[in-house]
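Visitor: would you be able to build a 3D model of this:
(one chain, ligands or ions: 1)
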Amino acid sequence: MNIDEISLAVANVIAEKALEKDCLTLAVSGGSTPERLFSILAATPINWSKVHVFWVDERFVPVDSEFNNYGKAYELWLSKIDIPPENIHRMKTEKASAIESARDYEKELEGFFKTPLPSFDIVLLGMGDDGHTASLFPGSPALNEKKRAVISVPAPTTAKPAAERITLTFPAINNSAQKIFIISGEKKKAMTLDINKYPAGRVLNAEYFIAS
Ligand code: 6PG
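Guide: Coordinates of the predicted model:
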């Protein structure tokens, strides 16, 4: 399948889940791969008042930066649908530091889920060319975080932009009901055959939608 087809398939998964649940919690990743999905979701008939949107990670850049994950999702999708503003839970990069932004988001998640770890219904993930997912990069101590749900990490050396990041941890990601990877390109497709060699392989019981 190509990126349009897999994006449509994932949009259908979200639409079906939104029909089943009174409140659907959806965490989305950034990067370029989900952009097609965002555009499709903007035109998908979903009762968005039942959906709460969260982020898997965010670059610690201003919300109006081209590199801000929330900003891209807002441009392609959230600005085009009828969703209550209180249903959009962005990571606030206007905080004084990435650490403070991570703590703020962790508090927001605890306030929403009433548990130390969030339990999203669906988490949408991508994978970088270095095998990272979220902002959990190869060799990072963040890979071994066992308690926190949200942490800040230094700017990566293997992915752009070179900005500090705020990210869900593997305990938070793996506590979710459905973990869906959207992956595009032959190189990444080949990497999924050895996915356990990479940080992305630490996401348990994931579903893979791979465009070749
Ligand atoms: C981010 C993402 C990141 C992304 C991968 C793949 O903030 O960059 O959350 O984890 O999913 O880097 O990005 P592409 O889809 O652009 O290849």
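
Visitor: just list the residues touching the residue nearest in space to the middle of the chain, thanks.
Guide: For the chain, the residue nearest the mean C-alpha position is residue 29 (2.5 Å; C-alpha atoms, centre = their mean). Applying C-beta atoms under 8 Å, 6 or more residues apart in numbering, we find residue 29 in contact with 55-57, 69, 124-126, 133-134. Quick note: C-beta positions are derived from backbone N, CA and C, even for glycine.

Visitor: and if you look at residue 22?
Guide: Counting by C-beta under 8 Å, 6+ apart, residue 22 makes contact with residue 50.

Visitor: hmm, back to that, for the residue nearest to the centre of the chain, give me phi and psi.
Guide: Phi and psi for residue 29, reported as degrees, to the nearest 10, are phi -90, psi 180.

Visitor: next one: the helix ranked longest in the chain, is it in contact with the ligand?
Guide: Using DSSP state H to assign secondary structure, the helix with the most residues in the chain is helix 3-20. No. Helix 3-20 does not reach the ligand (C-beta under 6 Å from any ligand atom); its nearest approach is 10.0 Å.

Visitor: show me which residues of that helix are buried.
Guide: Neighbour-count burial for helix 3-20 flags 3, 6-7, 10-11, 14-15, 17-18 (criterion: 16 or more other C-beta atoms under 10 Å).

Visitor: got the buried residues for the host helix or strand of residue 172?
Guide: Here residue 172 sits within helix 170-174, counting by DSSP states H and E. Neighbour counts over helix 170-174 (16+ other C-beta under 10 Å) mark 170, 172-174 as buried.

Visitor: for stretch 35-48, same thing?
Guide: For stretch 35-48, a neighbour-count test (16+ other C-beta under 10 Å) marks 35-42, 44, 46, 48 as buried.

Visitor: cool, and stretch 194-206?
Guide: Buried residues in stretch 194-206, counted by 16+ other C-beta under 10 Å: 195, 198-203, 206.

Visitor: pick the one among those closest to residue 102.
Guide: Here the nearest of the buried residues of stretch 194-206 to residue 102, counting by C-beta to C-beta, is residue 199; it sits at 17.9 Å.

Visitor: ok, residue 137 touching residue 199?
Guide: Yes. Between residue 137 and residue 199 there is a contact at 6.6 Å, judged by C-beta atoms under 8 Å.

Visitor: give the residues shared as contacts by these two.
Guide: residue 143.
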